[in-house]
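J.: Sequence and predicted model, in that order:
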Amino acid sequence: HSLEKQFEDFRLQLEESGGLRDRIRTVVSEIESTTRLMHASLLLVHQSRPTPELLEKAKSYVNVFNDHYKQLAEVLGECSGQYYRYHGDWRSETQTVVSLIVFMHWLETGNLLMHAEAEEKLGLNSSEFGLDIEDYLIGVCFMSNELPRYVVNQVTAGDYDCPRKVLKFLTELHAAFRMLNLRNDFLRKKFDGMKYDLRRVEEVYYDVKIRGLAPNGEPVEDQGAQGPP
Amino acid sequence: HSLEKQFEDFRLQLEESGGLRDRIRTVVSEIESTTRLMHASLLLVHQSRPTPELLEKAKSYVNVFNDHYKQLAEVLGECSGQYYRYHGDWRSETQTVVSLIVFMHWLETGNLLMHAEAEEKLGLNSSEFGLDIEDYLIGVCFMSNELPRYVVNQVTAGDYDCPRKVLKFLTELHAAFRMLNLRNDFLRKKFDGMKYDLRRVEEVYYDVKIRGLAPNGEPVEDQGAQGPP
Amino acid sequence: HSLEKQFEDFRLQLEESGGLRDRIRTVVSEIESTTRLMHASLLLVHQSRPTPELLEKAKSYVNVFNDHYKQLAEVLGECSGQYYRYHGDWRSETQTVVSLIVFMHWLETGNLLMHAEAEEKLGLNSSEFGLDIEDYLIGVCFMSNELPRYVVNQVTAGDYDCPRKVLKFLTELHAAFRMLNLRNDFLRKKFDGMKYDLRRVEEVYYDVKIRGLAPNGEPVEDQGAQGPP
Amino acid sequence: HSLEKQFEDFRLQLEESGGLRDRIRTVVSEIESTTRLMHASLLLVHQSRPTPELLEKAKSYVNVFNDHYKQLAEVLGECSGQYYRYHGDWRSETQTVVSLIVFMHWLETGNLLMHAEAEEKLGLNSSEFGLDIEDYLIGVCFMSNELPRYVVNQVTAGDYDCPRKVLKFLTELHAAFRMLNLRNDFLRKKFDGMKYDLRRVEEVYYDVKIRGLAPNGEPVEDQGAQGPP
Amino acid sequence: HSLEKQFEDFRLQLEESGGLRDRIRTVVSEIESTTRLMHASLLLVHQSRPTPELLEKAKSYVNVFNDHYKQLAEVLGECSGQYYRYHGDWRSETQTVVSLIVFMHWLETGNLLMHAEAEEKLGLNSSEFGLDIEDYLIGVCFMSNELPRYVVNQVTAGDYDCPRKVLKFLTELHAAFRMLNLRNDFLRKKFDGMKYDLRRVEEVYYDVKIRGLAPNGEPVEDQGAQGPP
Amino acid sequence: HSLEKQFEDFRLQLEESGGLRDRIRTVVSEIESTTRLMHASLLLVHQSRPTPELLEKAKSYVNVFNDHYKQLAEVLGECSGQYYRYHGDWRSETQTVVSLIVFMHWLETGNLLMHAEAEEKLGLNSSEFGLDIEDYLIGVCFMSNELPRYVVNQVTAGDYDCPRKVLKFLTELHAAFRMLNLRNDFLRKKFDGMKYDLRRVEEVYYDVKIRGLAPNGEPVEDQGAQGPP
Amino acid sequence: SSTKRARTMATNSSMRDAFSKHAEYLNNLNDKRERVVKASRDVTMNSKKVIFQVHRMSKYNKEEVLEKAEKDLAAVTNQHVSRLVKELQGTDFWKLRRAYSPGIQEYIEAATFYNFCKTGSLLKLDEINSTLLPLSDPSLEPLQINVLDYLLGLADLTGELMRLAIGQISDGELEFAEKICRFVRDIYRDLTLVVPIMDDSSDMKTKMDTMLQSVMKIENACFSVHVRGSEYIPLLGSNDPSSFLVGLPDIEL
Amino acid sequence: SSTKRARTMATNSSMRDAFSKHAEYLNNLNDKRERVVKASRDVTMNSKKVIFQVHRMSKYNKEEVLEKAEKDLAAVTNQHVSRLVKELQGTDFWKLRRAYSPGIQEYIEAATFYNFCKTGSLLKLDEINSTLLPLSDPSLEPLQINVLDYLLGLADLTGELMRLAIGQISDGELEFAEKICRFVRDIYRDLTLVVPIMDDSSDMKTKMDTMLQSVMKIENACFSVHVRGSEYIPLLGSNDPSSFLVGLPDIEL
Ligand SMILES: [Mn+2]
Ligand SMILES: [Mn+2]
């Protein structure tokens, strides 16, 4: 019967896509577990451990991510054009990965890790299996959420210049995000949350400043010119 | 600044994808409104026998769908490989479309409209912009939900052979679905519901049969052979 | 540190129990898939296929269940006294298994498959890894839910003595269940549903009887004596 | 009839297990009411410094718990190997008990009450009727939820060294928990909540520190070495 | 503290009321269990056991109810004016009791047991501890739900005059209920259900009549009088 | 059919109103987008840009709002008396607009922009298309939420007289709001939030005062007058 | 600085003046809302009574029952709906719609239910609105029930018609039941085209589901009567099962 | 069979008689419930106004504000609570509790809120109930508010006290805020022992969560003032940060 034949076809296709999904899930659960380890080692930054050591350790995980994403790309390579069909299966974990490597990069350089740099770091190839822009942006928002805590703990540990630096970074980042015309979705909600991070950092900077604890570094903002220095 | 440049790029890309989404939405809302008209005209089937006029009217909407999907395909054609990125924006409406044309086809021929036939009817091209299999299957489930009501009203209108025919069709369809190993998702839930349709039609057939009202047609099932005749 | 040591212990124990759970899940998913196959073959009874053939096929799956439960027992054997810790992981599937073998047994013999018989059939050993009584009872309720549909379809196919036999069986079963003082739980809810099955079968028996279709077999109830004949 | 006999057996077994459950429930409701009294007396800690009297009072309840759990163990002793069958009937109350005795112990010693110590304190015997590890861990999480409020009120009462001590304790506890690979369940959710407690205590410590109110005690973290001092 | 004294008072009052509730619950659970026994013996009416015997047995339970309600009245007597505070604890069980004695009375006399008669039968005293009218009415609806099943089984057993008698009774009852203005509550829902009972009985009456099985008894209703023909 | 005619009428009416709504939505989305621009330019106040420049820029947007509201009034003019039918479509955006122009006005004059003044500024005409009073009040609350952040950043930038001015304004505003009797609605919630703004500003004022940083300006409040000192 | 202080005091007092006006506005609005809610509750309760009265109809008492229902309905209009009309006259009745909508919906349900039983057709919105005109002060813009509330009331009507149909079938009034079936089916179908474009259709969508259930309940009842009646046509040689069925009880009892 | 028929008719009519009594009973009950609901809504609305009035209190106007609140509260009692008393007198007020409980709870909230601001202590249930006695007909059993509604009202009171405390701190009334803190903490602690044994504690349990949030909001506010005040003790040589803090604005502004 043609009915039976058609459903036999369906069965095969559904099983194939189910199998694919299982393989994705396996990789994703490994990503998740690497994420946990990297997160744990980066968390020590709140306990004022010396940053270079921390970064050393954290960097070692980046290579592991590289391997994971290579595997993911291979799995997806089998069904070209279906990146977004399975996107939901790895996006949340990838956002966390982005937040970690962006935080790490910021600790190292004081700059935002760019989208292309993030792809490179994770071994992703934009033309085949790239990093979705919204996932990148959400990851950046997650990273911003960590900054108030970081600032508070740094000041407690006696680093009074930290608030100024973070405030500068966050102000620029927030201004850049404001240029985007976001839809009413998860990213928008995350970005809306960023203003609370900004506010909290401003408060800490205020606390340091009014008590005369802030060193005489360069100010947060250059006179006149808009945007970060 | 490179930060600004990057976010400027993002803005452009997000706007582009937002524009695409708007255009999709416009088409989808037209599909939805055609759906409503076709549904209302098919609802008349419960008021009397399926007349050629009724089908005539219903068919006229199929051409309209053709146009809509052509537009959708054009929009999507601009961003190849992103079918599934925007899939969520039209899938629910497309499932309804499928249920309507499958019902219409069944009224006309007594057979299930195959996946390939459905694509053809809607002017879809499998290789470029096809009909997702799960959407097709969900549409078929929706159509099955209409059958118990149809059978009841046909018998009231005096067509005592209808339950046998519908039962035969639904039994085969249900058996075919059982071959699929469904995940625990929406389709699975819809399919689980199909057994209530089957049960209800069996009851109606029973009501007619026990009162000796069923004409002596061929039985629901051929002796011995499995599967539909 | 003793804190660290303690949590290291916890980690090991949680991992061990997690691993156990994974192994259980693997077996259970195989049980579930055998269940689906056996169900599909038993469902043909509603399409009036010759019973002996059906039973032959269905029986072949019982051996498969045997293997599955042997594996489960082995896994659980490693952590004695924790049957009920992981009970939730297989109970729902086991209830379905019970409903299937009880139905099969009833089709074969007209009698209820007893708890001890069910354990034997599945290769379970009461003292080590037995069949929980409530799971057995819930499975029996599930089986009862299939009977109205079975009766309706049998009558449609011309077997007018079937309602009497099913009614007799179900009346006895229902009376037996009434002896239990059930808590307000899932089993109770399932048992409450059984009265609708009974009612429906009574209705079908009525339909057959009032039309003089019922053969003159033994009546549902012996005069005087309570309980099933 | 064997049917009747079997259901008679079932009736007896269900009644036995029902009776057991009733007895468990009676004990558990006494545990719950002792819990309430102990909680109310520990709440006084927010009103003033933890005085020996307060602890004295709280300790008196521990003996009451001892009696309760002895009773529970006796009831359960009658049906060996079924600890987890009835576990759901006392686990939530036991988690609260754990949180209280862990809090009390911390007030007294500044240390985490270990799992074995908790069992001992409650008169539980690991080999027969022990304290489930997850219940212990959940209880510890509950206790952590109390700490931010405690710290705030202690500072208001003039104890400026309290935040440092609590932060040290909570940091170690959080790090220890991170070693566990938790499933996506209630415990995981509770643990996820602990980071907010940590954050809040960090903020309070910050408030005290930036104003120069914190006494010059040992810092939260030893230089270099990871883990609690 | 006066605050503490007031709460101490409250605690005593609430504990007293809790104790009362426990005592009510004990009685109610006995009512419930008598209900189950009486129900079981009345259920035999569906298996065509001779009515006088059945009624004999059933009546014996009425005295038991008498005792139960005397106890309930005594308990409530201690807190005059608080009947409705605890009403929810016995109302559902009392509705079932009403349905049983109304059914029994109808089997005996063919008439509806009136509210005052029901109170008398249960030994209730309207001025002190009466039968809430809505509970009575809901009980009557429950009883009506049993009638279709009764009629079907009686006809199956060969009593062809039964449908006429039930139809007459139910028609009158339905007409009486239509005099009430109900809110959108449980009673309304139950009353809506009575329509379906009436229709089902009418159908059975029709089945019997059309086949010339009904004996020539008095007609259901005088011409012209309100209610169905 | 007259039935069909009536529904045809309804369809036309509803489509007309749907069309109206689309036009409203178009205007509202322009308002929203102007809002975003104006907000972005006013936000620079937190980065201590010179106020006159900022206000210049901000004022230019007020004219744009004027145009938008003129369009809105025109659309609504077509269906007199239905202002509140479509109110939900623009109210949230209008509240934001109010908060911005109230903030701008305060920056300019140090006074609260009154309801009538706000209407005038936006080119609204109370008798035809006015500004709903609750929207105005909510907008004012939103504006109050910005003040703590403003004060903190101004002090950080060295303007030590700012807290006094803001505290004075906010104290008066809060006193005025306390004259209202509110329902438990959104406005009430926003007003509750204003208390926290007031407290935060008071804290900053205290910080500045206690350090002798505040210039000798006029005091916040005359002695004796209502409101906080 | 004395001028400065004067200005401050002025600002302060002008703010207080403005807010005392706002306070008065909010108080009046809330008081009116409260009165409207109460009137709406009365409309609801008494409309429900009218509906129960109509349900008392049988083939023997149809006229007297409907006569009483008509009087009761008129009383609802004059005593309670009129209060709504008075409160909402000349002001914007969209603003307080949430406060009175439940009452108006129930009123629509009662009026259309009565009217269908009396005339067999749908009472139109215009007709209802014209009965409200005399209640208004002629100098002000009159309260007119809006399409949305009318449609929401209509959706509930089908539930009552379902109950009526089930009862009518037991009563042997098969033709009337079939008429109800056709009527409800038409309403359902017409609504499918209108509901998606309603202002806020979420309420209405759940009502549509309930309505489809009601339609199917009536269809199943009609099916059951039909099948039962058809069984004996061959035996009795009649060709119109329904007339046969309806006639039966009258003749034989 | 004519006797039989007579009996049938008799049964029929006795059933109708009984049901017409039931119908009357249900109608009366519903009418009374409706009146009680309306009175309860009025009590709610006007009690809320009393609460807002009390919130207008500052250290400069305390007496006049509280005087007005007292008058308003008395008006609620005499004009609206009295209606409840009249409706429910002599009948079982447990039966209609759901109809009036929201109003009574809000009334408790208003009365205890006013009383705390006036006297600094908790207005007891007995005291409230004794004020209701004069409203009753002395020959009938008087309406007495029950413990459950009192406790439910008390739970809401803590929310208002939290708002008051935040405001008082801005107002410099630190001591009063601390008094509120202790009071609310005591109520919370006492309730933890009572709530689990309440008749139906599900509502109350969510209220307890909210209450704990309120307690912590007050504690955090007190913490913040304290820490801020402590910062400069070393500089200024005072040992009582709170007196120092409270005094500050009065002196310097
Ligand atoms: Mn209705
Ligand atoms: Mn309140």
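T.: Nice, I can see it. Ligands and ions are numbered 1, 2, ... in the order given.
J.: so where's the longest helix in chain A?
T.: In chain A, assigned by DSSP state H, the helix with the most residues is helix A:2-43.
J.: and that one, does that touch chain B?
T.: Yes: under the criterion of Cβ under 8 Å from any Cβ of the partner chain, helix A:2-43 makes contact with chain B via A:2-4, A:6-8, A:10-11, A:13-15, A:18. Heads up, the C-betas are built off the backbone N, CA and C, glycines and all.
J.: Need the buried ones from these selected in PyMOL.
T.: In PyMOL, a selection of the buried entries from the residues of helix A:2-43 next to chain B looks like this (16 or more other Cβ atoms under 10 Å in any protein chain shown):
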select buried, chain A and resi 3+6+7+10+14
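J.: Show me the domain layout of chain G.
T.: G:38-145, G:146-253 (automatic domain parsing).
J.: Which among these is found nearest to chain C?
T.: Checking those against chain C by Cβ to the nearest Cβ gives domain G:146-253 as the closest, at 8.9 Å.
J.: Of all the residues in stretch A:138-152, which ones are buried?
T.: By 16+ other Cβ under 10 Å, the buried positions in stretch A:138-152 come out as A:138-144, A:146-152.
J.: now the residues of helix A:2-43 next to chain B in CSV, with pLDDT and distance to H:F223?
T.: Compiled in CSV, those are given as follows (pLDDT from 0 to 100; distance: Cβ to Cβ, whole Å):
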residue, pLDDT, distance to H:F223
A:S2, 87, 76
A:L3, 90, 72
A:E4, 90, 73
A:Q6, 95, 70
A:F7, 95, 67
A:E8, 95, 70
A:F10, 96, 64
A:R11, 94, 64
A:Q13, 94, 62
A:L14, 94, 59
A:E15, 93, 61
A:G18, 93, 55
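J.: Relative to chain D, which of the residues of helix A:2-43 next to chain B is nearest.
T.: So of the residues of helix A:2-43 next to chain B, ranked by how close each gets to chain D (Cβ to the nearest Cβ), first place is A:G18, at 21.4 Å.
J.: So that closest one sits against B:N184, correct?
T.: No: the pair A:G18 / B:N184 is not scored as a contact, 11.3 Å apart, by Cβ atoms under 8 Å.
J.: who are the neighbours in contact with the residue in the stretch 151-253 of chain G that chain B sits nearest to?
T.: Nearest residue of the stretch 151-253 of chain G to chain B, counting by Cβ to the nearest Cβ: G:E231, 4.1 Å away. G:E231 is in contact with B:211-213, E:210, counting by Cβ atoms under 8 Å, 6 or more residues apart in numbering or on different chains.
J.: quick one: which of these is nearest to chain A?
T.: Nearest to chain A among the contacts of G:E231, with distances taken as Cβ to the nearest Cβ, is B:L213, at 28.8 Å.
J.: Am I right that that closest one is in a strand?
T.: No: under DSSP: H, G, I helix; E, B strand; the rest coil, B:L213 sits outside any strand and is assigned coil.
J.: Please work out how many residues are found near it.
T.: Close neighbours of B:L213, defined as other Cβ atoms under 10 Å in any protein chain shown, add up to 19.
J.: contacting residues for it?
T.: Contacts of B:L213 (Cβ under 8 Å, 6+ apart): B:160, G:227, G:230-231.
J.: Which of these fall in helices?
T.: In helices, defined here by DSSP H, the members of the contacts of B:L213 are G:227, G:230.
J.: List just the nearest of the contacts of B:L213 to B:N125.
T.: Lowest distance from B:N125 to the contacts of B:L213 (Cβ to Cβ) belongs to B:Y160, with 43.1 Å.
J.: any idea how far the closest residue to the closest one other than its chain neighbours lies from B:T156?
T.: Of all residues beyond its chain neighbours, the one nearest B:Y160 is B:L213 (4.6 Å), with distances taken as Cβ to Cβ, 6 or more residues apart in numbering or on different chains. Going from B:L213 to B:T156 by Cβ to Cβ, to the nearest Å gives 12 Å.
J.: for G:D190, same thing?
T.: Between G:D190 and B:T156 the distance is 21 Å, computed by Cβ to Cβ.
J.: for G:A110, same thing?
T.: Distance, G:A110 to B:T156, by Cβ to Cβ: 30 Å.
J.: and what of A:S41?
T.: In terms of Cβ to Cβ, A:S41 sits 73 Å off from B:T156.
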